[in-house]
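Enquirer: fold the following.
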Amino acid sequence: MQDPNEDTEWNDILRRKGILPPKETPKEDEEEEELALKQQSIVKTYEDMSLDELDENEDEFGEDDEAAIEMYKQQRLAQWKATQLKNKFGELDEISGQEYIKEVNKAGEGIWVVLHLYKQGIPLCTLINQHLSQLARKFPQTKFLRSISTTCIPNYPDRNLPTIFVYHEGEMKAQFIGPLVFGGMNLKVEELEWRLSESGAVKTDLEENPKKQIEDKLMSSIRSSLPTRKDSESEDEDY
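Expert: Model (predicted):
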C-alpha cells in the first residue's frame, strides 16, 4: 500500500482532488512552528514596550528571552538618546504669559528651564539677558527663556526685578529675586553660571565659585595695602 504522506506527484494530485487527506506535519516541525509563533508573539510584545516597561516586566519573561529583551532595551535607549539630542535649545527665547504652561510646566521629561522675568529699561535685567544668552549657547540641553514680568504675573512689582526661576520637569527648584541677590551691575557671567549650577540647571566646568575668587583677591589686596606692624612702629617712632 502506498504511503499517503509520501512526497510523490501522484499523492499531490490525490490530495488536490481530496481523495487523500492533507499531508501530516511531523511533530518536530509542529514544535518548531509553535516556538516560532511564540517568539513572534514575544517580539511583538517587546516592540510595544517602552524602556521603563521592559525593565518593569523583565521578570515575567524566561531566560531564553533575555537576549531579545536586551536587544530591545538597546533600541529604546538609542531612541531616547536621539530624542535627547533633539532637545538642544541654544537660544534665550522670549515667551508670553499664554505660552508659560506649555514652555515651562510642560517642558518635558528631564528638561531644566531657566526663566528670566525682566522689564526693558532696567540695566541689570539687560545685563542678565546678555549673560543668559551666552549660557544658553554654552548649555544647549537647558531651556533658557525670558518674559516681560507683567505678562507672566500681572502686577509683578518692579522692585523684584530681575527675577530668575529655575524649573525641572515643571517643578520649581530655585528662585533668585531682586537686584541684591545678583550683586548689582558687577555680576559676571561666570557668577551667574555658578548660581545656576548650584540649582542643578547646568553642569558647569567651573571648579569653584568665581565670586569667592573675586572676594579673596579683594581681601588680599586690602591686606597688602595695610601697613605691617613693623611699619606702624616705625611711624610711631617718627612722632
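
Enquirer: hmm, residue 173 is touching residue 200, no?
Expert: Yes - between residue 173 and residue 200 a contact is recorded at 6.1 Å, counting by C-beta atoms under 8 Å. Yep, even glycine has a C-beta here, placed from its N, CA and C like the rest.

Enquirer: what do the two both touch?
Expert: Jointly contacting residue 173 and residue 200 under the rule C-beta atoms under 8 Å, 6 or more residues apart in numbering are residue 166.

Enquirer: residue 164 belongs to a strand?
Expert: Yes - counting by DSSP: H, G, I helix; E, B strand; the rest coil, residue 164 is located in a strand.

Enquirer: so for it, what's the pLDDT?
Expert: We note a pLDDT of 98 for residue 164 in this prediction.

Enquirer: that one: what's it in contact with?
Expert: Contacts of residue 164 by C-beta under 8 Å, 6+ apart are 114, 115, 116, 117, 128, 174, 175, 176.

Enquirer: which residues does it bridge with?
Expert: Residue 164 forms beta bridges with residue 116, residue 176, as assigned by DSSP bridges.

Enquirer: how much space between it and residue 117?
Expert: Residue 164 sits 8 Å away from residue 117 when distances are taken as C-beta to C-beta, to the nearest Å.

Enquirer: can you get me a residue count around residue 150?
Expert: Using other C-beta atoms under 10 Å, residue 150 has 14 neighbouring residues.

Enquirer: and it, that's in a helix?
Expert: Yes - assessed by three-state DSSP, residue 150 belongs to a helix.

Enquirer: now the residue nearest to it when sequence neighbours are not counted. Its backbone dihedrals?
Expert: Distances taken as C-beta to C-beta, 6 or more residues apart in numbering place residue 156 nearest to residue 150, at 5.5 Å, with adjacent residues excluded. The phi/psi pair for residue 156 (degrees, to the nearest 10) reads phi -70, psi 130.

Enquirer: thought residue 156 was touching residue 117?
Expert: Yes - Residue 156 is within contact range of residue 117, at 6.6 Å (criterion: C-beta under 8 Å).

Enquirer: anything in contact with each of those two?
Expert: With C-beta under 8 Å, 6+ apart, residue 156 and residue 117 have common neighbours 149, 163.

Enquirer: so which of these two has more stuff around it?
Expert: residue 117 (22 against 16).

Enquirer: which residues touch the more buried one?
Expert: Neighbours of residue 117 in contact, by C-beta under 8 Å, 6+ apart: 146-149, 152-153, 156, 160-165.

Enquirer: just the buried ones from those residues?
Expert: 146, 147, 148, 149, 152, 156, 161, 162, 163, 164, 165 (16 or more other C-beta atoms under 10 Å).

Enquirer: how about the residue nearest to residue 88 when sequence neighbours are not counted, what does it touch?
Expert: Counting by C-beta to C-beta, 6+ apart, residue 88 lies nearest to residue 140, which is 4.2 Å off, once chain neighbours are set aside. Residues near residue 140 by C-beta under 8 Å, 6+ apart: 88, 89, 90.

Enquirer: surely the second one touches residue 137?
Expert: This points to residue 89. No - if you go by C-beta under 8 Å, residue 89 and residue 137 don't touch, sitting 9.5 Å apart.

Enquirer: who's more crowded, those two?
Expert: For residue 89 versus residue 137, the count of surrounding residues by other C-beta under 10 Å is larger for residue 89: 18 against 13.

Enquirer: can you read off the pLDDT for that one?
Expert: 88.

Enquirer: that one: what secondary structure?
Expert: The three-state label given to residue 89 by three-state DSSP is coil.
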